[in-house]
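Asks: Pasting a predicted model and its sequence here:
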Amino acid sequence: MIRHLRQSRRLSQAELAELVHISPSYLSQLEGDKREPTIPLLRRMAATLGAPAVLLFAGALAGDRQAPANDLLHHAIERLIQAVGASLQQHELSFPPDQ
């Protein structure tokens, strides 16, 4: 997915890597499904490529051809829960007490 979006934007690996502050070799490994991107990196790539982050996230998970679909779904849900939890902590959201 990353490669497809990068190519559709007519960016080289070196150009995209520079824009998202990673090395071209790391980007190559991501595109070749040899490494797994972090959530912050997926967000930077999504913003840079003008694509929804969830699209890149789903593409990153789909790159794991060895894992059964249920494992991928479970992994995606775990990551989503962690991301939401981190966001709540970061913004220190609180709920009013029950009345």
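Replies: Received, thanks.
Asks: can you give me the helices in the chain?
Replies: Here the chain has its helices, by DSSP state H, at 2-8, 13-19, 24-31, 39-49, 53-62, 69-91.
Asks: which strands and helices sit next to the fourth one?
Replies: In other words, helix 39-49. helix 2-8, helix 13-19, helix 53-62 (3 or more Cβ pairs under 8 Å, 6 or more residues apart in numbering; DSSP states H and E). Just so you know, the C-beta spots here come from the backbone N, C-alpha and C atoms, and that holds for glycine as well.
Asks: let's go with 7 Å and repeat that
Replies: When contacts are defined as 3 or more Cβ pairs under 7 Å, 6 or more residues apart in numbering; DSSP states H and E, helix 39-49 sits against helix 2-8, helix 53-62.
Asks: about what we covered before: can I get the helices of the chain in CSV including mean neighbour count?
Replies: Output for those, formatted as CSV (neighbours: other Cβ atoms under 10 Å):
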stretch, mean neighbour count
helix 2-8, 16
helix 13-19, 16
helix 24-31, 17
helix 39-49, 18
helix 53-62, 17
helix 69-91, 11
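Asks: Tabulate these in JSON lines, adding columns for mean pLDDT.
Replies: Putting those into JSON lines (pLDDT from 0 to 100) gives the following:
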{"stretch": "helix 2-8", "mean pLDDT": "86"}
{"stretch": "helix 13-19", "mean pLDDT": "97"}
{"stretch": "helix 24-31", "mean pLDDT": "94"}
{"stretch": "helix 39-49", "mean pLDDT": "89"}
{"stretch": "helix 53-62", "mean pLDDT": "68"}
{"stretch": "helix 69-91", "mean pLDDT": "68"}
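Asks: List the residues that contact Ser12.
Replies: With contact set as Cβ atoms under 7 Å, 6 or more residues apart in numbering, Ser12 has no partners.
Asks: One more: Gln7?
Replies: By Cβ under 7 Å, 6+ apart, Gln7 has no neighbours at all.
Asks: any idea how far it lies from Leu49?
Replies: 10 Å (Cβ to Cβ, to the nearest Å).
Asks: Including distance to Gly32, could the helices and strands packed on helix 39-49 go into TSV?
Replies: Converted to TSV, the helices and strands packed on helix 39-49 look like this (distance: least, Cβ to Cβ, whole Å):
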stretch	distance to Gly32
helix 2-8	9
helix 53-62	12
